[in-house]
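Colleague: build the 3D model from these lines:
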Amino acid sequence: MLFFLKNAKSRQLESALQQQVQDGPAAWASLPDEELFTPAGFTAEQAEATAYSNYSYWGSTLRSFLRNRFAVALLVALVLVVGFAFLQPHLPGQIDPNYCRVDPATGIQYRNVAPGVDGYIWGSNSIGQDLWARIWAGTRTSLIIAFFVAMIEAVVGISVGVLWGYVRQLDLFFTELYNICDNIPSTIILILISYVASPSVPTLILGMSLTGWIAMARFIRNQILIIRDRDYNIASRCIGTPTFRIVVRNLLPYLVSVIMLRMALTVPAAIGSEVFVTYIGLGLSVETPSLGSLINDGRQVMMQAGLRYQLLYPTIILSFVTIAFYLIGNAFSDAADPKNHLQ
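Modeller: Okay, here's the model as predicted:
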């Protein structure tokens, strides 16, 4: 019985299919040409809109960074310290960092006054200058030098590194330029510039930036060589995408995490270079306080127990700024890696 019903149903479906096949051409023949075929058209927006995703690279980077509570707390503390350093001279009751206070009764300078005595928050140095004012002024000077050096190294290093790695015709030129510049010690350049030009903030920035971009350029070049010939870049070149667009859209976004880490390391490195130059006596003038000069002054009195505060306070500020930049840069580098955006 079931077999009979199955065969009857099969014959019924087969006959219906044959009827549709026979009636199809006749039905199509009666339709006008504009209804038989209508071009769908093409727009670039519709071609790209194959699917929808609410993924945002920078939004995911920010969310990933905010999940690191230690890095967020460190960033807030760093912003407060840097903000206060630039706001401090505009607060009421602040003393000029180069002003030497004199005791009106004796006419003698307030030399090496302990912290908290006679209105000195962090004490005074050997000529009566307020260490509170000088340390914050030195922090501003060192941060300005570090920020400008980091920006110059980033712009020059990234530009040269991308051209060096992507444009094959420029490889020989930049390789020879790198070999020449890399074989000149940066310390010698800093010393020569300090001798030739008068010690100043622009002089130090120039000396640190002349060869500082080399490491960034080589690093970017090596990264570009790794991803230059991947399939999506080859496809972009085959369809005629301009080189600038390939670099900006295909290459640089892939390197955001490593670029941010390198820039974060440049800031403490620049501060350390300024401290070193001041330590060997070729830094800024006495009228321009910096963390390097303050640490150098404190080093000279560190063997006296009552005067070690002159080395302690600038060292604390310097250590916090350098360590904070490193840890925050490392955390942001991890957050900017798309692999860490996966939940």
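Colleague: below-threshold pLDDT in the stretch 1-150 of the chain: ranges please.
Modeller: Applying pLDDT under 70 to the stretch 1-150 of the chain picks out residues 1-14, 16-55.
Colleague: tell me where it has strands.
Modeller: With DSSP state E, counting those that start in this stretch as the criterion, the stretch 1-150 of the chain has no strands.
Colleague: helices along the stretch 201-343 of the chain, start to end?
Modeller: Assigned by DSSP state H, counting those that start in this stretch, the stretch 201-343 of the chain shows helices spanning 201-227, 231-238, 243-245, 256-279, 291-300, 309-336.
Colleague: quick check: mean pLDDT of the second one?
Modeller: Model confidence over helix 231-238, given as mean pLDDT, is 80.
Colleague: which parts of it are buried?
Modeller: Burial within helix 231-238, assessed by neighbour count using 16 or more other Cβ atoms under 10 Å, is assigned to N233, S236. Bear in mind the C-beta positions are built from the backbone N, C-alpha and C, glycine included.
Colleague: report the angle between it and helix 201-227.
Modeller: Here the directions of helix 231-238 and helix 201-227 differ by 100 degrees (axes from the mean of the first three to the mean of the last three Cα atoms, to 10 degrees).
Colleague: pull the CA atoms of helix 231-238 into PDB?
Modeller: Extracted in PDB, the C-alpha atoms of helix 231-238 (Å, rounded to 0.1, in the frame of the first residue of the first chain):
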ATOM      1  CA  ASP A 231      48.400  38.700  -0.800                       C
ATOM      2  CA  TYR A 232      46.200  41.700   0.000                       C
ATOM      3  CA  ASN A 233      49.100  44.100  -0.800                       C
ATOM      4  CA  ILE A 234      49.800  42.300  -4.100                       C
ATOM      5  CA  ALA A 235      46.100  42.500  -4.900                       C
ATOM      6  CA  SER A 236      46.100  46.200  -4.200                       C
ATOM      7  CA  ARG A 237      49.000  46.800  -6.500                       C
ATOM      8  CA  CYS A 238      47.400  44.700  -9.300                       C
END
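Colleague: one step back: select, out of the helices of the stretch 201-343 of the chain, the one closest to R67.
Modeller: helix 309-336 (8.1 Å; Cβ to Cβ).
Colleague: now do the same contact list for I152.
Modeller: Listed by Cβ atoms under 8 Å, 6 or more residues apart in numbering, the contact partners of I152 are I205, S209, G212, W213.
Colleague: from G107, how far out is the first one?
Modeller: Separation of I205 from G107 (Cβ to Cβ, to the nearest Å): 41 Å.
Colleague: those two: which has the busier surroundings?
Modeller: Using other Cβ atoms under 10 Å as the criterion, I205 and G107 rank with I205 on top: 21 against 7.
Colleague: could you count how many residues lie near the nearest residue to the more buried one once chain neighbours are set aside?
Modeller: If the residues on either side of it in the chain are set aside, I205 comes closest to F148, at 4.9 Å by Cβ to Cβ, 6 or more residues apart in numbering. Neighbour count for F148, taken as other Cβ under 10 Å: 18.
Colleague: just checking, F148 touches L204?
Modeller: No. Using Cβ atoms under 8 Å, F148 is not in contact with L204, being 9.4 Å away.
Colleague: taking the mean pLDDT, what do you get for stretch 333-343?
Modeller: Here the average pLDDT along stretch 333-343 is 73.
Colleague: and of the helices of the stretch 201-343 of the chain, who's closest to Y178?
Modeller: When the helices of the stretch 201-343 of the chain are ranked by proximity to Y178 (Cβ to Cβ), helix 201-227 comes first, at 6.1 Å.
Colleague: can you spell out which helices and strands pack onto the closest one?
Modeller: Packing partners of helix 201-227 (3 or more Cβ pairs under 8 Å, 6 or more residues apart in numbering; DSSP states H and E): helix 131-166, helix 171-182, helix 186-196, helix 256-279.
Colleague: helices or strands up against the second one?
Modeller: Read it as helix 171-182. Going by 3+ Cβ pairs under 8 Å, 6+ apart, helix 171-182 lies up against helix 131-166, helix 201-227.
Colleague: pick the most buried one from the ones you listed.
Modeller: Each of the helices and strands packed on helix 171-182 was scored by mean neighbour count; the highest is helix 131-166, a mean of 22, by mean count of other Cβ atoms under 10 Å.
Colleague: and that helix, how far out from the chain middle?
Modeller: 11 Å (Cα atoms, centre = their mean, to the nearest Å).
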